[in-house]
Every structure is written in C-alpha cells, then in structure tokens.
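Enquirer: Predicted model, plus sequence, below.
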Amino acid sequence: MLYWGFVDSMNGAAAPFLAREFGLDDVGITRTFGWMSIGAVGTYALARWADRTGRRRVLLWTVLLLGPLSLASALAPGLGGFVAAQIGLWGLKGLLAVLLPVMVTEVLPTAERARGQGWVGFAGSLGAGLAFILIASLEDVPGSWRWGWVVASLVVLAVPFLRRAVRESHHYERVATRGDTAETRVRDLLGPEFRTRTVVVVAIGTLFPFVIAGTQSWFIYYPVEHLGLAPLVATASVLVGGTMSLGGFPLGGFLSERFGRRPTFAVAGLLYAVANYAYYHVGTDFPVHPALGLILSLAVLTLLSAIAAVPFRATATEIFPTALRATVSGATAMGMGVGTVAAYFAASGLSAWLGGLPAAASALGLGLPLAALLFLFFLPESRGLDLELQDDARRGGRRSG
C-alpha cells in the first residue's frame, strides 16, 4: 500500500510539470488525466482472476508488470506515449487497491478488520507523501518528473521477497478447497441475495473516486497556477496539511469499530463538501499567507476523506462471501475507474463552463454527500460480522436451494 500510494499520487504531484512540458492548460491537463484513467476500467477482469486462482498469484503478477509500465512512462517521448503507458499502469494500480484491502480483511480477526483497513490507508498516504516530496525535489533536475517513474519501476526488485513472504489467504484456501470458488458465478452478485448491496457498493465506489479524483488531483496545480505560489511552497503546504490528516485512517478504524461503518462514513462524507469548498476558495488575500489557508483546509479535507475511506473499504470487503469478495471489489474498482475517468472529463467540462478549475472542483465535491446517503440508507452494518459463518451460511443455503 505504501507503493500504491506512491504511484497513485505521482501524476497529481507532477501535474504542473506535465502541463508545462506538454503545453496543457486547465482543460488540457484534466482531459489528459481522463484518458489515462480509462485503464482503471480493466481492473474488474483482473480482480475476477483473483477469485478464481487466488490472491497471492495475482498480486505477484501485478507487482511484476508495474515495473516495466512505470519505466515506459519515464521514457515516453511524447504525450501520446505517456498516456498509453499510463492506461496500463492505472489498471494494475487499481488491482493493487482491490487485492490489498481484501487480503487484510481475510487475514485479521473480526474485531481488528476496520483498524487494519485504517493502517492500510495510512500506508497509502505515506506513499503519497513520498511521491510529492520526490517530485518537488526533482523540479530543477533534468528530466524532473520522469525520474519519479524510474523510481517506481524498481518495484520489480521486491518480487522475490514477496514470493517468500506472502501466503495465500486462509479464508480463500478454505473456500477453494471445498469448491466454492469453482461454483460461484459473476451473476450471483445480481441475484436476490446480493443485488441491492452490489449496486449500492458499486455506485458508492464510483462516486467516491469521482469526488477524490475531481478534487484532490489539483492540490499542487491549484496553488501554483491559480495563486502563483512556488512549486516548493505549494508542495510544502500539501505535505504539512496531509501530515496533519494521517491520523484520519486510524481514527476512521476506531470510529468504525466503536460506532459502526455506516454513521462513520455518513458524517465524514457530508462534511467533506464543506472542507473542499474552503480549499478551492483560499485566495491570495488570505490573512498572513495563502499557504496557511491551504494547509488548514487541506488538513480537514484529507482527514475527512481518510476517515470515510476506512468504513467503505471494510464494508465492501465484509458483506460479500469469500468466493465473490475480489470479484465484487473488482466491480467496485471498475466503478472507481469509471468515476475517475468521469471526474477528469467533468473537471475539464466544468472548468470551461464555470470559468476555471476552482469552481469545477468545488462542484465535484458535492458527490460525496450523495455517496454518504446511499451508504447510510442502503448498506447493512457489518461491524462484528463473522466471515466464516457468512460463508457457511451461504453454502448451506445454496445446497438447500
């Protein structure tokens, strides 16, 4: 997850440098991000593979293939080549975001699952911070942002270690041994038992990244291009604000175990739109220095998104049986891909219509309160749910049927 956070944030950190090298304005950079994110839609098929053959094998292949795609991104001579490499990379990094929370859910005891997802998010945020630090330090280096992708390509060196250290999920081994994985079909997700929760989880999984991509991809671009801050100052603001929010993931885990997944997500989601509006309305006349306003609003904004991510990841991996868990996570990832693509093209269209990126990002932030309402009213509470009893109950019901 540390590595996932690193590669997932690389383009956001490098957005001003990408825009300058390829001659892109607000509309152009948002449209470019939209084309790159199309690759995330392919995550679904790969996630289904993880339910059929196991989590470990798919994880190893994902890490192995991320290396050459990262190197291709670093060496791309033009915008077209860079986007092509990124399409494949987005699909694989999306698969990491599917597999790792699923594996954490299947490894940890019932009372620790939400806290585990909190630490998963914490690691991802640390990786994102490393990406921002690295890209900022490369501003005056020939090649600048491209060296970030060179660093990302070194992940292939971790494959031998992962082969030794990572074991298959015991929940997966249990259901695979008795034949559940061979008997399940994708259409089971749309049967009477799971239809509502599948549709709602995928809908929230589409809205969440729609909002995050549409509002958080421009944390560097906005202060540099619209407030005139130096890239180093903008990056420092993001790092300080982001560091203040790191506690959001453990806090999200605690709140999810203490009060439940549904209320935790609902409250955080409703407040997110307010904090997002505040960030994109920090102006050059902000008291003391605009960087202070950016730090404060970004800290609250990312704290809330971190808190909300934990109960969603926990719920989405808990309310489905083991034999379908990666598949529905893959369907959610496909929704995430669609949401991300839609966010960038929506940001491009809204920027042209509303007169710039700040107004567009503020409007896109309204999607998370909608996701919060869906979560609150349509998904069951999964705090304390025993995964093995759920698998056994479904197996017994299927045999009776």
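Expert: All right, it came through fine.

Enquirer: any idea which element the spatially closest residue to Trp4 that is not a sequence neighbour lies in?
Expert: Nearest residue to Trp4, sequence neighbours excluded (CB to CB, 6 or more residues apart in numbering): Leu96, at 4.5 Å. The way it works is simple: take the backbone N, C-alpha and C, and place the C-beta from them, glycine included. Assigned by DSSP states H and E, Leu96 belongs to helix 79-107.

Enquirer: List the buried residues for that helix?
Expert: 79, 82-106 (16 or more other CB atoms under 10 Å).

Enquirer: re earlier: show me what contacts the residue nearest to Trp4?
Expert: Residues near Leu96 by CB atoms under 8 Å, 6 or more residues apart in numbering: Met1, Tyr3, Trp4, Leu59, Thr62, Val63, Leu66.

Enquirer: Same check on Pro68?
Expert: Contacts of Pro68 by CB under 8 Å, 6+ apart are Ser153, Val156.

Enquirer: Can you give me the distance of it to Gly42?
Expert: Per CB to CB, to the nearest Å, Pro68 is found 17 Å from Gly42.

Enquirer: Next, format the contacts of Leu96 as CSV and append distance to Gly12 and pLDDT.
Expert: Shown next, in CSV, are the contacts of Leu96 (distance: CB to CB, whole Å; pLDDT from 0 to 100):
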residue, distance to Gly12, pLDDT
Met1, 17, 90
Tyr3, 16, 94
Trp4, 14, 92
Leu59, 24, 89
Thr62, 21, 91
Val63, 22, 93
Leu66, 18, 95
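
Enquirer: Can you list which of these are found in helices?
Expert: Tyr3, Trp4, Leu59, Thr62, Val63, Leu66 (DSSP state H).

Enquirer: Counting neighbours, which of those comes out on top?
Expert: Leu66 (24 neighbours; other CB atoms under 10 Å).

Enquirer: neighbours around Pro160, how many?
Expert: Using other CB under 10 Å, Pro160 has 10 neighbouring residues.

Enquirer: What of Ala268?
Expert: Ala268: 25 neighbours (other CB under 10 Å).

Enquirer: ok, and for the one helix or strand it maps to, which residues are buried?
Expert: Under the criterion DSSP H and E, the helix or strand holding Ala268 is helix 261-279. Buried residues in helix 261-279, defined by neighbour count with 16+ other CB under 10 Å: 261-273, 275-279.

Enquirer: Could you save the ones in helices among the contacts of Leu96 as TSV and add columns showing distance to Phe208?
Expert: Below are these laid out as TSV (distance: CB to CB, whole Å):
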residue	distance to Phe208
Tyr3	21
Trp4	16
Leu59	23
Thr62	22
Val63	25
Leu66	23
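
Enquirer: what's the closest of those residues to Pro369?
Expert: Pro369 lies nearest to Trp4 out of the ones in helices among the contacts of Leu96, by CB to CB, at 26.7 Å.

Enquirer: can you tell me how far the closest one sits from Met36?
Expert: Distance from Trp4 to Met36, by CB to CB: 16 Å.

Enquirer: How about Glu112?
Expert: Plainly put, Glu112 is 36 Å away from Met36 if you go by CB to CB.

Enquirer: Looking at these two, which is more packed in?
Expert: Met36 (23 against 15).

Enquirer: I'd say the more buried one and Gly91 touch.
Expert: No: using CB atoms under 8 Å, Met36 makes no contact with Gly91, being 10.6 Å away.
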